[in-house]
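Participant: sequence and predicted structure below; questions after.
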Amino acid sequence: MSDHQEVTYTLDFGVRGRRGLENQATRRPSEPAEGSIPRIARLLALAIRLEGLIREQTIPDYAAVARRGQVTRARMTQIIKLLDLAPDLQEQILFLPPLPRLNERNLRPIVSRIDWHEQRRLFQQLTSHLDRSRDSV
C-alpha cells in the first residue's frame, strides 16, 4: 500500500504593470528605490550592531565577524571605522533622505579626522556638494 501525498505551491511572479517597469528603467542604479534605506545608513547600522555584539561577547572579535560575513578584514575595518564619526553625524546618516553618491568611500577622509568639529565641517561640504550635483542632473 503506497500513500501518495500531494503538495501544492502557490507562486506569485509579481507581474508588473507598465508604470512599474518604466519607473525601474528610468531610475539610475546609484539611486536607491523610493522608500528604501540608503546603503550607507544600512552599513552604519550594521557597524553599530556588530559593536554591540562584540561588547556583549556574543562574537569574539571583528575577524570572526569578517569570516562569518565572508568579507575581508580590511572591508570589516572600513565598515567599523564609520563608528569614528561624531555621534550627531552618525545620527544624520541614519536618518538622511537618500542622497546619491553618499557612500562609505566618500566618508573615509572625514572618518580619518579625529576632531569632530572638522568632521562636521567636511561632512557639511560633502553633503552640500552632493545636493548641488543631484539638483543639476
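Facilitator: In hand now; what should we look at? The model shown is predicted, which means the values in this text are computed figures rather than measured ones.
Participant: how far does stretch 104-113 sit from the chain's center?
Facilitator: 15 Å (Cα atoms, centre = their mean, to the nearest Å).
Participant: kindly report the same for stretch 104-115.
Facilitator: Per Cα atoms, centre = their mean, the displacement of stretch 104-115 from the mean C-alpha position of its chain is 16 Å.
Participant: ok, stretch 68-88 next?
Facilitator: Worked out by Cα atoms, centre = their mean, stretch 68-88 lies 11 Å from the chain centre.
Participant: list the buried residues in it.
Facilitator: For stretch 68-88, burial by neighbour count (16 or more other Cβ atoms under 10 Å) applies to Met76, Gln78, Ile79, Ile80, Leu82, Asp84, Leu85, Ala86. In short, each C-beta sits where N, CA and C put it, glycine included.
Participant: list the contacts of it.
Facilitator: For stretch 68-88, contacts defined as Cβ atoms under 8 Å, 6 or more residues apart in numbering pick out 43-44, 46-48, 50-51, 59, 62-63, 65-66, 90, 93, 104, 107-108, 110-111, 116, 119-120, 123.
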